[in-house]
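> Sequence first, then the predicted structure, then my questions.
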Amino acid sequence: MHAAPALLVIAHGSRDPRHAATVHALTRRARALRPGLRVETAYLDFNAPRVDQVLSSLHASGVRDVVALPLLLTRAFHAKADIPAVLSEACVRLPGLTVRVADVLGPSPLLVAALERRLLEAGLTPADRAGTGVVLASAGSSDPEAIAVIAEIAREWRHTGWCAVRPAFASAALPRTEDAVRALRAEGVRRVAVAPYVIAPGRLPDRIAAGAEAAGADVLADVLGAAPELARLLLRRYDAAALAPARLSALSA
């Protein structure tokens, strides 16, 4: 029987040690859901091992079929440029290697379910829904497509019973978290919750938390982290890519 492709989870990386710890907790959870699947983790920056190192190691151990999964919530610069570049270089360098690139994680109902989980863990109850406005706080991007996706998620989420859902951004786009909290207050929203739409702790999530505190948000949820919904989503993206035609092996020809 042909071995299943290895799963290479590609995280951004951070100087903050909580980032890598969270990524590893998430990949451990995915591994536990799919015993026997080879799951490796690599980073674009700040952390080791880097993507090219892990692909070289996989290749040296005889692996020729890999699904690369960007641990990203939107298709911004890293998904469109950085990751394809490093994968293409590896396919040129490593004979016979086939890499399929999975879709980024968002948008997905599983991510919204993880956001809901974190809000419940932070103390909200289903009865609080109608009287609570939510700030969907993402890291931010200079990519208009990525910003539009966040705004669309906020619009869709609003239809599930929250009295308001507003997007906010920690960098590169407006409004900031604190401004979105204050805008909801100004509109008469009694309770305001901030839901970080980020995977792992770090500088920008800390900025979201600081903005929530500065504006007096009532509830601050945790980052998505190793939520079970994210682990299931990793495997869903892996499965879809594993069945797709190879996209990067031809680059070595």
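Arrived safely.
> okay, CA-based contacts and neighbour counts for the rest of this
Fine.
> what's L37 in contact with, if anything?
A4, A6, L7, R31 (C-alpha atoms under 8 Å, 6 or more residues apart in numbering).
> Out of those, list just those in helices.
Helix and strand membership here follows DSSP state H; of those, those in helices are R31.
> Where does the prediction get shaky in the chain?
Across the chain, the ranges flagged by pLDDT under 70 are 1-2, 77-79, 246-253.
> Select only the buried ones of the contacts of L37 in PyMOL?
For selection in PyMOL, the members of the contacts of L37 meeting the burial criterion (16 or more other C-alpha atoms under 10 Å) are listed in this command:
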select buried, resi 6+7+31
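> just the contacts of L37 now: which is nearest V67?
Proximity of these to V67 (C-alpha to C-alpha) peaks at L7, which lies at 5.0 Å.
> Need the residues that contact the strand or helix carrying A241.
When elements are assigned from DSSP states H and E, A241 belongs to helix 228-242. By C-alpha under 8 Å, 6+ apart, the surrounding residues in contact with helix 228-242 are 5, 7, 26-27, 29-30, 33, 67, 69, 100-105, 110-111, 113-114, 224.
> buried ones in it?
With the criterion 16+ other C-alpha under 10 Å, helix 228-242 contains buried residues 228-235, 237-239, 241-242.
> Next, format these as a markdown table and append distance to A168.
What follows is the buried residues of helix 228-242, written out as a markdown table (distance: C-alpha to C-alpha, whole Å):
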| residue | distance to A168 |
| --- | --- |
| P228 | 25 |
| E229 | 23 |
| L230 | 21 |
| A231 | 25 |
| R232 | 26 |
| L233 | 24 |
| L234 | 25 |
| L235 | 28 |
| R237 | 26 |
| Y238 | 29 |
| D239 | 32 |
| A241 | 31 |
| A242 | 34 |
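> Could you single out the nearest of those residues to S138?
Closest to S138 out of these is L230 (16.1 Å), distances taken as C-alpha to C-alpha.
> So what's the residue count around the nearest residue to G211 once chain neighbours are set aside?
Leaving out its chain neighbours, the residue that sits closest to G211 by C-alpha to C-alpha, 6 or more residues apart in numbering is E178, at 4.5 Å. Neighbour count of E178, defined by other C-alpha atoms under 10 Å: 25.
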